[in-house]
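K.L.:
Any chance you could fold what I've pasted below:
(2 chains)
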Amino acid sequence: MSIFAHKNTKVLVQGITGTQASFHVRRSLEYGTNIVAGVTPGKGGTEHLGLPVFNTVKEAVEQTGANASVLFVPAKAVKGAVTEAAEAGLDLAVCITDGVPVLDMIQIKEMLKSHKTLLIGPNTPGLITPEEARLGIFPENIHQKGRIGIVSRSSTLTYEAVLETNRANMGQSTVIGLGDDMVIGSDYIPSLDAFAQDDETDAIVLIGQQGGGFEEAAAKHYKTMEIKKPVIAFVAGNSIPFAHKMGYAGEVIADGKTSVIDKRNAMLDAGMIVVDEINQIHQVLLDILS
Amino acid sequence: MNIHEYQAKKLLSKFGILIPNGRIAYTPHEAKRAANEVSARGPWMLKAQIQSGAREKGHFIEKSAGKKGGIRLVTHRRALIPEAEQMLGSTLVTPQTGPLGKSVGRIYVEAFQKVNQKFYAALVINRVQAALTLLVAKLEDGRTITQIAADTPERILKLPLNLQKGASIAQMREVREFLGLSEKSDKQLKSFVNGLHKAFIEHDASMIEINPAGVDYRGRIFALDAKMSFDDNAAYRHPDIVRLQDEYEEEDRALKASKYGFKYNDFDDSGIGCIVNGDGITLAAMDLIHEAKMGLACSLNVKGGVDKDKIAAGIKIIMTNPKVEGILINILGGFLRCNLIADGIVEAASEVGLNVPLVVRFEGTNKDEAKDILLNSKLPLIIADDMEDSVDKLVSAVEASY
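P.N.:
Below you'll find the predicted structure:
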C-alpha cells in the first residue's frame, strides 16, 4: 500500500504559480502524481500547468475532492496556509517552504491538535511513493519502487539512504523527509506507526540528525510498539563534537542530553540496528532480509 | 542572531525587568565617565562585550591585559582607567570562543549590585514538545548551570509555558517555591517571568538566558547578566533587532556567505573545504574525512540556492580561503539543481583560479547536464560517483599535492 500518499491520493498545490513550484509540479505531474488543483489567492478561475487554480483550499476540495496538499507558499504565509489546509479537512499537508519562524510553528502545532491533518515539514524535500506519487522536490530519477520505508530528518542524507536501498536492490515503499527545523510538523513516530501497518514495507531506514530529542523519542516509542519491523538507523556527526558551531546550543538543557552518542545508545537500547557509516545500510539490509 | 549583553539588558528593561545601572564605553576615559554616571562611589563591574558565555572564566591573550578575565570588579576609582585600558582592544579567549578568541571593542560599565541569592533563568524552545519552556535553577556553592545540568539535572525546573499567556498562577508559585524565594519576592518574580515571556514573544527570540539573576535584601530581582538570541527566520518582522547585529562578531567569510543566504562554518584545522547542500551531508562527509585522517577547514551549505551568481560567489568564499588544501563538492539535487552548481563552479574558477584539487559529486536533479558542463569546461577537476568515492579521490589528490 505504501504510506501517507499513493496513486489514488488527490493532491492540490498551495502556491502553485511560483517559479519553483511550477518547475517541481510539472515534474510531479510527469511522474504520474494525481495532482488535481492549485491554490493561489487572487488567481482563482485561471489555469496553470493544465490544472484549475482556486482562491482557497476549501473551494479546491469542494470542486476536486483533493485530500492532500503540497505547500510552496512563502515562509510568512505558511501559518495561514497550513491552517487553511487543516480547516478544509485534508488528511496530509507537505510543507516544502523553508525559513518558517519558530513561533509560527509552535502555533501551527497547537492548532493541528484539533484537526486530523498530518503535517510533514516545513523545510523538507517532501514525500515520495515511487512510481505513484511525488509530493515535493525529491529527485525522482533516483527512486525505485520497493519494500523499504525511509524516514529522515536530514534532507540530503535521505538521498544517500535511497541510493543504499537501490544498492541492495530493494527499492523504497515510501520516503519521507521530516525537515530539520527547530520545530517540525511530524516527528518519526507517525511514520514508524504507519510503516508498521503497511504490508508493502519490510524494513525501515531511519536517518537522524544532531540536536533535538527526536531520535530518543522515536527509540522510546519503538520499544512500546506491538508490530516491530527492523529499523536500521544512522545519525551523522560521530567524529566532531561541534554542536555550537552548527547552531544547536542552548537547547541542551531543554531537550536533555542529545549528543550523537546518546541518540545511538537510545536507539540501540530500543532494539534498532545502528550503523556507523551511511554506506553500510545496503549490507545490513541484505543480511537481515535475504 | 545574537546581541550583546548591554543590548539585551536594555531591551529586557523595557519589559519591566530590573537591571543594574550601566553604560557602554569604547575608550578608557569613557569608561571612567560611565562609572561616575552609574554609581557615585562604586564598586563597579567592567564587562567585556563579546558574544560568548563564561567571560569571567576567560583569559586575555595579550600579557598587557593582565591575568584577570573578561568580567572585572573594580572597587577603587583610580583603577578604572588602567583596568579599562587592559581590556579594550585585547583578545578574550573563553571556552566558547575557540583558541583565537574575540577582540574586545567595547566594555559595559555597571554599578555593582549586591545580592543575597542567585538563580539561573532561561526561556528556550523544547523542540520535541514544540513548547516554549521556562528553566530555573538555584545557583549555590559556586556551581554553574552546566555543572548542575550534568550532575544533578533534577535541580533544574522545566515548565512548558502557554505561548500566548505565559506562566500560570500555579506555575509562578511552583517557581517561587523551587527557588526558595520568600513571599516578598512574589510580585517581583511575576513581573520578572512575565517580562521574559513578553520580550521573547514580541521579538521572536529563540533563547533568553539570565545567568545569573540576583535577589537583593528587599526581594527585588535583577538580571545581572543577559543573553538573547533571535530566530533568523523571523528577522523580517524585526528590523530594529537586525540593526543591533554586530558585524564584527561574525567571521568575515560567514558574514559574506550569509549575505548570499548560505551558511558558512569555519573549523580549527586546515585541510578540506566542503561545499554541500545540507547539514546532514556536511556531517556525514566530515565523518568520512575524519576517518581518512584529513583535517576539515570549512564548510559552505548552499541549500536552497537557485541563483547561479550567488552560488558562484559562495564557491569563491571557499576557493579563496588559504586554509583550504582541497575542495569537496557534494550536491544532492532536489530543489537545488545540479547544473546551477556546475555553472557556479566554472564561473568562480574562471575568476579566482582553481589552485587546489577539486572533486565533484552530483546526484539528483539535472546531474547529467551538470556533468557535461564540467567536462566541457576543461577545468582540472575530478568527478566522483558517490560520497565515499568522492572523499577517497580527494584525499589521494590532496596527499599527492603535498
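K.L.:
A:Leu163 is in contact with A:Val175, correct?
P.N.:
No: with contacts defined as CB atoms under 8 Å, A:Val175 does not count as touching A:Leu163, sitting 11.5 Å away. The C-beta positions use only the backbone N, C-alpha and C, and glycine is treated the same way.
K.L.:
Between these two, which has more neighbouring residues?
P.N.:
A:Val175 (28 against 21; other CB atoms under 10 Å in any protein chain shown).
K.L.:
can you map out the helices along the stretch 51-200 of chain A?
P.N.:
For the stretch 51-200 of chain A, the helices defined by DSSP state H, counting those that start in this stretch occupy A:57-64, A:78-87, A:102-112, A:155-167, A:188-197.
K.L.:
out of the ones you listed, which comes closest to B:Ala130?
P.N.:
Between B:Ala130 and the helices of the stretch 51-200 of chain A, the tightest spacing by CB to CB is seen for helix A:102-112, at 4.4 Å.
K.L.:
Packing partners of the closest one?
P.N.:
Under the contact definition 3 or more CB pairs under 8 Å, 6 or more residues apart in numbering or on different chains; DSSP states H and E, helix A:102-112 sits against helix A:78-87, strand A:118-120.
K.L.:
residue in chain A nearest to chain B?
P.N.:
Going by CB to the nearest CB, chain B is nearest to A:Ser154 of chain A, at 2.5 Å.
K.L.:
for the chain, where's the lowest mean pLDDT among helices and strands?
P.N.:
This is for chain A. Between all helices and strands in chain A, the lowest mean by mean pLDDT, DSSP states H and E belongs to helix A:252-255, at a mean of 66.
K.L.:
wait, chain B
P.N.:
For chain B, counting by mean pLDDT, DSSP H and E, that's helix B:252-259 with a mean of 80.
K.L.:
phi, psi of B:His203?
P.N.:
phi -110, psi 10 (degrees, to the nearest 10).
K.L.:
How are the strands of the stretch 151-290 of chain A distributed by residue range?
P.N.:
Secondary structure of the stretch 151-290 of chain A (DSSP state E, counting those that start in this stretch): strands located at A:172-177, A:203-208, A:231-235, A:273-274.
K.L.:
what do you get for the stretch 101-250 of chain B?
P.N.:
B:102-103, B:107-111, B:117-126, B:131-139, B:157-160, B:205-215, B:221-223, B:227-230.
K.L.:
Does the fifth one reach chain A?
P.N.:
Yes: judged by CB under 8 Å from any CB of the partner chain, strand B:157-160 comes into contact with chain A at B:Lys158.
K.L.:
Just the CA trace of that strand, in PDB.
P.N.:
Extracted C-alpha coordinates of strand B:157-160, given in PDB (Å, rounded to 0.1, in the frame of the first residue of the first chain):
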ATOM      1  CA  LEU B 157      12.800  23.100  36.900                       C
ATOM      2  CA  LYS B 158      11.400  22.900  33.400                       C
ATOM      3  CA  LEU B 159       8.000  24.300  32.800                       C
ATOM      4  CA  PRO B 160       6.200  24.400  29.400                       C
END
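K.L.:
For the residue sitting furthest away from the middle of chain A, pull up the helix or strand it's in.
P.N.:
Distance from the C-alpha centroid of chain A peaks at A:Gly45, with 30.9 Å (CA atoms, centre = their mean). Assessed by DSSP states H and E, A:Gly45 sits outside every helix and strand.
K.L.:
In the chain, where is pLDDT below threshold?
P.N.:
Unless you meant another one, I'm taking chain A. Low-confidence segments of chain A (pLDDT under 70): A:1, A:238-252, A:254-258.
K.L.:
sorry, should have said chain B
P.N.:
For chain B, residues meeting the criterion pLDDT under 70 lie at B:247-251, B:305-306.
K.L.:
Same list, the helices and strands packed on helix A:102-112, but as TSV with mean neighbour count and distance to B:Asp372 please.
P.N.:
Formatted as TSV, the helices and strands packed on helix A:102-112 follow (neighbours: other CB atoms under 10 Å in any protein chain shown; distance: least, CB to CB, whole Å):
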stretch	mean neighbour count	distance to B:Asp372
helix A:78-87	22	37
strand A:118-120	25	34
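K.L.:
Show me how chain B divides into domains.
P.N.:
For chain B, automatic domain parsing gives the domain ranges B:21-111, B:117-241, B:252-401.
K.L.:
Now render these as CSV, adding mean neighbour count and distance to A:Val73.
P.N.:
Formatted as CSV, the domains of chain B follow (neighbours: other CB under 10 Å; distance: least, CB to CB, whole Å):
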stretch, mean neighbour count, distance to A:Val73
domain B:21-111, 18, 34
domain B:117-241, 18, 14
domain B:252-401, 20, 15
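K.L.:
can you put those domains in TSV and add distance to A:Ile253?
P.N.:
Conversion of these to TSV gives the following (distance: least, CB to CB, whole Å):
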stretch	distance to A:Ile253
domain B:21-111	13
domain B:117-241	5
domain B:252-401	22
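K.L.:
Can you say which of those domains is nearest to A:Glu84?
P.N.:
domain B:117-241 (20.1 Å).
K.L.:
Please identify the most buried of the helices of the stretch 51-200 of chain A.
P.N.:
helix A:155-167 (a mean of 25; mean count of other CB atoms under 10 Å in any protein chain shown).
K.L.:
Please enumerate the helices of the stretch 51-200 of chain B.
P.N.:
B:80-87, B:145-151, B:169-179, B:186-202.
K.L.:
Which neighbouring elements make contact with the helix or strand hosting B:Glu347?
P.N.:
Counting by DSSP H and E, the element that carries B:Glu347 is helix B:338-352. Applying 3+ CB pairs under 8 Å, 6+ apart, one finds that helix B:338-352 makes contact with helix B:308-319, strand B:324-333, strand B:358-364, helix B:367-377.
K.L.:
How about residues contacting the shortest one?
P.N.:
By CB atoms under 8 Å, 6 or more residues apart in numbering or on different chains, the residues outside strand B:358-364 that reach it are A:139, A:141-142, A:159, A:163, B:326-334, B:338, B:341-342, B:345, B:370-371, B:374, B:379-387, B:389-390, B:393-394, B:397.
K.L.:
Next, the angle from it to strand B:324-333.
P.N.:
10 degrees (axes from the mean of the first three to the mean of the last three CA atoms, to 10 degrees).
K.L.:
Which strands border strand B:358-364, and is each parallel or antiparallel?
P.N.:
Paired strands of strand B:358-364, with direction, are strand B:324-333 (parallel), strand B:382-383 (parallel) (DSSP bridges).
K.L.:
Could you check how far A:Lys7 is from A:Gly121?
P.N.:
If you measure A:Lys7 against A:Gly121 using CB to CB, to the nearest Å, the figure is 22 Å.
K.L.:
Please apply the same query to B:Glu399.
P.N.:
Distance of B:Glu399 to A:Gly121, computed by CB to CB: 42 Å.
K.L.:
Which phi and psi values does A:Gly212 adopt?
P.N.:
Torsion angles, degrees, to the nearest 10, at A:Gly212: phi 70, psi 160.
K.L.:
still on that earlier bit, want to throw the strands of the stretch 151-290 of chain A into a markdown table with distance to chain B?
P.N.:
A markdown table is the format used below for those (distance: least, CB to the nearest CB, whole Å):
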| stretch | distance to chain B |
| --- | --- |
| strand A:172-177 | 9 |
| strand A:203-208 | 7 |
| strand A:231-235 | 8 |
| strand A:273-274 | 14 |
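K.L.:
Those strands: which one's closest to B:His197?
P.N.:
strand A:203-208 (31.8 Å).
K.L.:
Contacts for the closest one next, please.
P.N.:
So strand A:203-208 is in contact with A:147-154, A:157-158, A:161, A:164-165, A:188, A:191-192, A:195, A:214-215, A:218, A:229-236, A:263, A:267, A:272, A:278, A:281, A:285, A:288-289, B:280, going by CB under 8 Å, 6+ apart.
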